[in-house]
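**Student:** the following block contains a protein sequence and its predicted model.
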Amino acid sequence: MSFSRSLQSIVFFLIILGIVGLALGGYLTPLSRILLNPVVSAQTWIATRYQAVQSFIQAPQDTIRLRQRNTDLEAEVSRLQAQVIELQQRISETSILSALVDFARANPEYSYQAAAVIGYDTSPFLRYVLINRGSDQGLRRGMPVVTQQGLVGRIAAVTSSAARVQLITDTTSTVNVRLDPSGAQAVLNGQITGDVSLEMIPQDTTIEVGDLVLTSGLGGSYPPNLLVGQVSSVRSQAQDLFQRASVQTAVDFSQLEIVLVITNFTPVDIQPLLPEQGTP
Amino acid sequence: MALLIAIPILGSLAILQSSMISRFTLLHGTADLVMLTLIAWALQKRVQTAWQWSIIGGLAMNITSAIPLGVPVISYAVTTGMALVLRRRVWQVPILAMFLVTFTGTLISQGITLLVLRLTGSNINIIQALNIVTLPSILMNLLFAIPVYALVSELADWLYPEEIEV
């Protein structure tokens, strides 16, 4: 009895071993394919249907989640874009300030107060700008205003926290200048077109396109040797008493953002010294 | 209420004019938002504070401009007066009146300014000023006239609701 059972066990073991051996040898592959293919097909069919049903049930939740995520990402993009714009603005301001610092270092004889341009005159006939510094920061009427490029104008009115600057392009602006290299004296006047022109240039003076125009300091309104621009064209006629010239200003007045006010220059009021009309 | 609200509205418009609108130029002309607002306000049927608004608007513009004191007040008052006269005569077509007053108002307003500047020693060439400042300004003002009129109409309807007889 026990021998018979042992023999059965041995035979069973040998069959199993044989099947394993055949499987490892690859001899059962066609058979397993025949048996497994319907199972796999059935499982695939069921899994596909199950996933479809699951997607259908979960879809609204996913949409809500995706929309929420999309909103979050859009908000993040907007925040980053705002940050980029702010940083670009800071870079621009830094480069302007850096240039102004260079100008201040190159002209150490003056004290400066930096100010931002916050507005333009509302009348199209006038060329004034408003700056965000006033008498609280030591600004006074008549102080010259410059940028790293050259002369901008002078302060025409001051409040405690703001000032109005008359640009040299204003029609009532007059600046006494000298030409370099000729050294000739002239008067620079603003025009309604936003340009500036040189007048009162003596006929015997030789001036050429490209000559530098610098403040002369005469009249006491502006300190000497501030760059104004370059001569761009000359109009000279034999019958005229004086020559005239157009000047390309060094400063681009449409791009004014930050300016420097020269605070240690006190304009001289020569009005009392001028002879009154009618007096000999 | 209609008078008090003029101060923040016209003050804000003057600031907007100084900081932004003055930079948008056609040749050298710019739109005058305060003047357009005053014209549109004066053309509203039920409005009774047009003169007061013109004075507040003129003072607001005087703060942001180096123009001699009182010039904007006078020029805006003249423009408002013209708008009030037209309101009575062509009230059926307020848009036409708006264009008409904008055109003549710009001419008169800038004419007064130019005259005062000439008297105070400015060497502005009048023909040049007309060509490169006044005519472009008229065009800019006409462009802004319709949207300003629409906004001011809304404001007037809100401040002066139409009375309904029951």
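**Tutor:** Sure thing, it's come through.

**Student:** what segments of the stretch 1-150 of chain A are helices?
**Tutor:** Under the criterion DSSP state H, counting those that start in this stretch, the stretch 1-150 of chain A contains helices at A:2-24, A:29-106.

**Student:** wait, which of these is closest to residue A:151?
**Tutor:** Between residue A:151 and those, the tightest spacing by CB to CB is seen for helix A:29-106, at 11.7 Å. Just so you know, the C-beta spots here come from the backbone N, C-alpha and C atoms, and that holds for glycine as well.

**Student:** re earlier: I'd like the helices of the stretch 1-150 of chain A as TSV, with distance to residue B:154 appended.
**Tutor:** TSV is the format used below for the helices of the stretch 1-150 of chain A (distance: least, CB to CB, whole Å):
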stretch	distance to residue B:154
helix A:2-24	87
helix A:29-106	30
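
**Student:** so for residue B:49, which of those helices sits nearest?
**Tutor:** Across those, closest to residue B:49 is helix A:29-106 (CB to CB), at 40.4 Å.

**Student:** quick one: the closest one to helix A:2-24, angle?
**Tutor:** Here helix A:29-106 runs at an angle of 50 degrees relative to helix A:2-24 (axes from the mean of the first three to the mean of the last three CA atoms, to 10 degrees).

**Student:** could you check how far helix A:29-106 is from the centre of its chain?
**Tutor:** How far helix A:29-106 lies from its chain's middle: 31 Å, per CA atoms, centre = their mean, to the nearest Å.

**Student:** helices and strands around that helix, which ones?
**Tutor:** Using 3 or more CB pairs under 8 Å, 6 or more residues apart in numbering or on different chains; DSSP states H and E as the contact criterion, the secondary-structure elements in contact with helix A:29-106 are strand A:112-120, strand A:258-262.

**Student:** quick check on residue B:147: phi, psi?
**Tutor:** phi -60, psi -40 (degrees, to the nearest 10).

**Student:** count the residues that sit near it.
**Tutor:** Other residues near residue B:147 number 11, with proximity taken as other CB atoms under 10 Å in any protein chain shown.

**Student:** what parts of the stretch 151-280 of chain A come near chain B?
**Tutor:** Contact residues (CB under 8 Å from any CB of the partner chain) of the stretch 151-280 of chain A with chain B: A:156-157, A:164, A:166, A:171-172, A:189, A:192-194, A:254.

**Student:** who touches the residue nearest the centre of chain B in this structure?
**Tutor:** Closest residue to the average C-alpha location of chain B: residue B:35 at 1.1 Å, with CA atoms, centre = their mean. Shown here is residue B:35, whose contacts under the criterion CB atoms under 8 Å, 6 or more residues apart in numbering or on different chains are B:57, B:76, B:79, B:105-106, B:109, B:141.

**Student:** my read is it is in a helix, agree?
**Tutor:** Yes. According to DSSP: H, G, I helix; E, B strand; the rest coil, the state of residue B:35 is that of a helix.

**Student:** mind checking how far it is from residue A:53?
**Tutor:** The span separating residue B:35 from residue A:53 equals 69 Å under the rule CB to CB, to the nearest Å.

**Student:** what's the answer for residue A:171, then?
**Tutor:** Using CB to CB, one gets 82 Å for the distance from residue A:171 to residue A:53.

**Student:** and what of residue A:67?
**Tutor:** With distances defined as CB to CB, the gap from residue A:67 to residue A:53 amounts to 23 Å.

**Student:** pull out the buried positions in the strand or helix carrying residue B:108.
**Tutor:** Element membership for residue B:108, per DSSP states H and E: helix B:94-119. Residues of helix B:94-119 classed as buried under the neighbour-count rule (16 or more other CB atoms under 10 Å in any protein chain shown) are B:94, B:97-102, B:104-114, B:116-117.

**Student:** now swap in stretch B:78-93 and tell me
**Tutor:** Of the residues in stretch B:78-93, those scored as buried under the neighbour-count criterion (16+ other CB under 10 Å) are B:78-80, B:82-84, B:86-87.

**Student:** let me know the closest of these to chain A.
**Tutor:** When those are compared for distance to chain A (CB to the nearest CB), residue B:79 wins out at 14.9 Å.
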